[in-house]
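K.L.:
attaching a predicted model along with its sequence, questions to come.
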Amino acid sequence: MSGHSKWSTIKHKKAKEDAKRGQAFTKLLKEITLAARMGGGNPDGNPRLRLLIDKAKAINMPLENTQRAIKKGTGELPGVSYEPFTYEGYGPYGTAVMIDTLSDNKNRTVAELRHAFAMKSGNLGENGSVSWMFERLGVITCAANSLSEDDMIELLLDYDVKDVKIEDGMFTINCNMKAIDQVKKAIEDKGLKVEEAEFEWVAKTPVELSDEQSEKVYEFLEALQDLEDVQNVYANLA
């Protein structure tokens with residue numbers, strides 16, 4: 001199992017580039033509003049909101065933007081009501097794809113997704129068509145510093161961790177979603193800087209494609225990620 005495929009690396013790099021242009025703010029603010037609506041505006045009692053606030057700080061989002069989004073979620077300020085929907089399907093070369101969206105118009109979202117899939121000879125599937133190939137997990141990435149993989153495994157023995165991997169000086173830790181706060185704190189208490197802490201669809205068995213095929217899949221995934229209503233895109237590409 002790998003929670004840090006090449007697509008994950010591309011996606012995180014793209015998110016940082018989008019953040020520089022302010023394009024990431026809109027998507028993140030929608031997530032913050034929804035998290036506050038569903039779990040309340042107090043991050044101490046809302047783990048999902050706390051993770052999103054940390055993410056907002058990481059991309060230097062102004063605090064007033066975050067606070068305004070929270071107030072829209074709790075109803076203290078008026079705002080558009082966004083609903084979460086997850087879609088699934090097949091991209092180029094039979095790649096399985098999961099797409100998390102936040103939208104105020106489901107018909108528009110579906111139409112845009114169908115168009116994007118059709119342009120790349122893909123197929124937007126029914127619920128359950130590919131989700132069985134994925135597992136919903138907490139995924140944390142952090143700098144390894146001087147720690148080895150064995151060191152990290154020992155550090156996290158008491159937590160519900162599914163997988164630990166180190167690559168290019170970065171750890172990727174997959175864990176039960178309920179354990180993500182505890183795992184993140186344990187890592188930070190060790191003095192390591194957490195780069196990302198997210199809930200993600202992680203492929204149970206990633207597939208290998210040629211470099212040329214993979215590039216075409218990456219182009220497709222990036223086209224999906226650029227859609228206004230799309231929050232995150234996941235694939236079973238190694």
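P.N.:
Thanks, I have the structure now.

K.L.:
what's downstream of the longest helix that the chain contains, the next helix or strand?
P.N.:
Counting by DSSP state H, the longest helix found in the chain is helix 23-39. As assigned by DSSP states H and E, the chain's next helix or strand after helix 23-39 is helix 47-58.

K.L.:
give me the mean pLDDT for that following helix.
P.N.:
For helix 47-58, mean pLDDT rounds to 92.

K.L.:
name the residues of the helix or strand following it that are buried.
P.N.:
Of the helices and strands lying after helix 47-58 in sequence (DSSP H and E), the nearest is helix 63-74. Of all the residues in helix 63-74, those buried under the rule 16 or more other CB atoms under 10 Å are 66, 68-73. The C-beta positions use only the backbone N, C-alpha and C, and glycine is treated the same way.

K.L.:
in JSON lines, list the residues you listed along with distance to P47 and pLDDT.
P.N.:
Listed next are those as JSON lines, based on distance: CB to CB, whole Å; pLDDT from 0 to 100:
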{"residue": "T66", "distance to P47": "16", "pLDDT": "96"}
{"residue": "R68", "distance to P47": "21", "pLDDT": "96"}
{"residue": "A69", "distance to P47": "17", "pLDDT": "96"}
{"residue": "I70", "distance to P47": "15", "pLDDT": "97"}
{"residue": "K71", "distance to P47": "19", "pLDDT": "96"}
{"residue": "K72", "distance to P47": "20", "pLDDT": "95"}
{"residue": "G73", "distance to P47": "15", "pLDDT": "95"}
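
K.L.:
chain center to stretch 70-78: distance?
P.N.:
24 Å (CA atoms, centre = their mean, to the nearest Å).

K.L.:
distance across it, terminal residue to terminal residue?
P.N.:
Start-to-end span of stretch 70-78 (CA to CA, to the nearest Å) is 11 Å.
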